[in-house]
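J.: Everything below, folded, please.
(one chain, ligands or ions: 3)
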Amino acid sequence: MDPALLRVRGLRTHFASPEGVVRAVDGVDLVVREGQTLCVVGESGCGKSMTARSILQLVDPPGRIVDGEILFRLGAPAEPRAAAAEHGVVDLARLDPRGRAMRRIRGKEIAMIFQEPMVSLSPVHTIGHQIAENIRTHQDVSKKEARDRAIEELRRVGIPRPEHRVDAYTFQLSGGMRQRAMIAMALACRPKLLIADEPTTALDVTTQAQILELLQELQEQLGMAVMFITHDLGVVAEIADEVAVMYLGLVVEQCGVDELFHDPRHPYTKALLESVPTAGPRAKQRLTTITGSVPHPYHRPKGCPFHTRCRQAIPGECDHKLPPVLATGTADHPGSRAVRCLLYQTPADVAAGVDTLGEVSR
Ligand SMILES: Nc1ncnc2c1ncn2[C@@H]1O[C@H](COP(=O)(O)OP(=O)(O)OP(=O)(O)O)[C@@H](O)[C@H]1O
Ligand code: SF4
Ligand SMILES: [Mg+2]
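T.: Ligands and ions are numbered 1, 2, ... in the order given. As a prediction, the model looks like this:
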């Protein structure tokens, strides 16, 4: 199995408000492996975006990372004063969000693209200027060189006549072209990890397919890893190597994409797959197989957060005990998948400790 590039352990990001604490992310564990695509799926509000924003320390107050580790393997030798930089692994959760080390990682080592390109593109600067500035922030190159690089980046993402488009403003571009420009900006410094938060949901089906294809091509060319957040299991089937399924601020299962579709383990994963519209005359209907609704974030259930909707819940157990991350797998790859469900806990798990996913060596 490929080594881990990013390993998140026990990540908690909370929002304090007069009404109570929203536990947006409440103990997330996941792994993104070098050069691979991890898709993150789950119902609206389960904490996908907040997990992504936490990794890059982009959580706005009153949100705050209150616990956990975000271990990232740096590409180049770490700066002398970067926290926990021994052997090139840094705990991003311990870095100052506005500090130099985090700013260097953001954009250079890890880049992010959003559903709405205007979140990261400015309306008052040309796209060429923005891409060139991004390059100059991280690399010591002249203005002319940065502009030439910007043109090449625009060409790489399939923008026609990039020598002219480099001087265009975002309002002069179509939705698909803006998304391409945002990808060009994100990839200009060759990040090792690209985090994409539903980057194609706002686009029509044809443009969506083109952008997905482009991302896959660029990933292959650049050897980067991708963490791709999506609601769309069709997209997952197309691009994922691994999948992390989230529910109420927790990753409840991480496994290979084939395992997800052919051998899901967690009752929530099973329910999510059953809720996908079927082929044929009922293709447009969404089957309501997940009973009940997602609890309000102020009223997180005790024990397994899914127990209020789980058909297999064990009374007296699931409503009391938060399931640990249990490593399961196949005969060939023991420990290749992780599931948070008491149904998979063996006496040996209890005795031996439970988490055997690929470690980021420190
Ligand atoms: N500024 C905020 N203050 C309080 N709670 C917040 C804030 N921003 C997000 N949340 C809460 O954090 C939780 C997780 O939100 P997040 O945006 O990560 O969900 P998501 O999985 O990305 O959902 P979607 O699929 O709709 O994008 C939600 O319950 C949301 O209400
Ligand atoms: S731990 Fe219990 S409630 Fe939670 S998913 Fe497993 S069986 Fe269902
Ligand atoms: Mg989101």
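
J.: can we go C-alpha only for contacts and neighbour counts from here?
T.: Noted.

J.: Mind giving me the packing neighbours of the top helix by length along the chain?
T.: Ranked by number of residues, the top helix in the chain under DSSP state H is helix 205-222. Where contact means 3 or more CA pairs under 8 Å, 6 or more residues apart in numbering; DSSP states H and E, helix 205-222 is packed against helix 175-187.

J.: mind checking pLDDT for Q285?
T.: In this model, Q285 is scored at 43, pLDDT.

J.: quick one on the thing from earlier: right, is the helix or strand just after the longest helix of the chain up against ligand 1?
T.: Note on helix 205-222: by DSSP states H and E, the next helix or strand toward the C-terminus is strand 225-229. No - applying CA under 6 Å from any ligand atom, one finds strand 225-229 separated from ligand 1 by no less than 8.1 Å.

J.: Endpoint to endpoint, stretch 195-213 covers what distance?
T.: 16 Å (CA to CA, to the nearest Å).

J.: Which positions in it come out as buried?
T.: In terms of neighbour count (16 or more other CA atoms under 10 Å), stretch 195-213 has its buried residues at 195-200, 203, 207-208, 211-212.

J.: What of stretch 173-184?
T.: Judged by neighbour count using 16+ other CA under 10 Å, the buried positions of stretch 173-184 are 175-184.

J.: Can you tell me the SS state at whichever residue of the stretch 51-200 of the chain sits closest to ligand 2?
T.: Residue nearest to ligand 2 within the stretch 51-200 of the chain (CA to the nearest ligand atom): T51, separated by 21.1 Å. The three-state label given to T51 by DSSP: H, G, I helix; E, B strand; the rest coil is helix.

J.: what separates it from R149, distance-wise?
T.: 32 Å.

J.: neighbour count winner among the two?
T.: T51 (25 against 18; other CA atoms under 10 Å).

J.: I'd like to know how far that one sits from R161.
T.: In terms of CA to CA, T51 sits 37 Å off from R161.

J.: ditto for G303
T.: Separation of G303 from R161 (CA to CA): 57 Å.

J.: Kindly report the same for S174.
T.: Per CA to CA, S174 is found 14 Å from R161.

J.: picking that back up, ok, G303 and R161, which is more surrounded?
T.: Each of G303 and R161 has its neighbours counted (other CA under 10 Å); G303 has more, 16 against 11.

J.: Need the pLDDT of the more buried one.
T.: As predicted, G303 sits at a pLDDT of 93.

J.: what does G68 give?
T.: Looking at G68, its pLDDT stands at 97.

J.: Might you report the residue contacts of the closest residue to it other than its chain neighbours?
T.: Excluding its sequence neighbours, the residue lying closest to G68 (CA to CA, 6 or more residues apart in numbering) is L11, at 4.0 Å. Neighbour list for L11: 25-29, 65-70 [criterion: CA atoms under 8 Å, 6 or more residues apart in numbering].

J.: Compare the residues you listed and tell me which is most surrounded.
T.: Ranked by neighbour count (other CA under 10 Å), those have V25 at the top, with 29 neighbours.

J.: List of residues touching the helix or strand encompassing E163?
T.: Secondary structure from DSSP H and E places E163 in helix 162-165. Residues outside helix 162-165 that contact it (CA under 8 Å, 6+ apart) are 127-128, 151-152, 154-155, 159.

J.: Show me which residues of the chain sit near ligand 2.
T.: With the criterion set to CA under 6 Å from any ligand atom, the chain comes near ligand 2 through 266-267, 304, 306-307, 310, 312-314, 318, 323, 341-343.

J.: Keep only those of those that are in strands.
T.: Judged by DSSP state E, strands contain none of the residues of the chain next to ligand 2.

J.: And these, which of them are buried?
T.: 266-267, 304, 306-307, 310, 313, 318, 323, 341-343.

J.: Need those in JSON lines (columns: distance to ligand 1).
T.: Formatted as JSON lines, those follow (distance: CA to the nearest ligand atom, whole Å):
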{"residue": "H266", "distance to ligand 1": "18"}
{"residue": "P267", "distance to ligand 1": "19"}
{"residue": "C304", "distance to ligand 1": "17"}
{"residue": "F306", "distance to ligand 1": "15"}
{"residue": "H307", "distance to ligand 1": "18"}
{"residue": "C310", "distance to ligand 1": "20"}
{"residue": "A313", "distance to ligand 1": "23"}
{"residue": "C318", "distance to ligand 1": "22"}
{"residue": "P323", "distance to ligand 1": "21"}
{"residue": "C341", "distance to ligand 1": "20"}
{"residue": "L342", "distance to ligand 1": "24"}
{"residue": "L343", "distance to ligand 1": "25"}
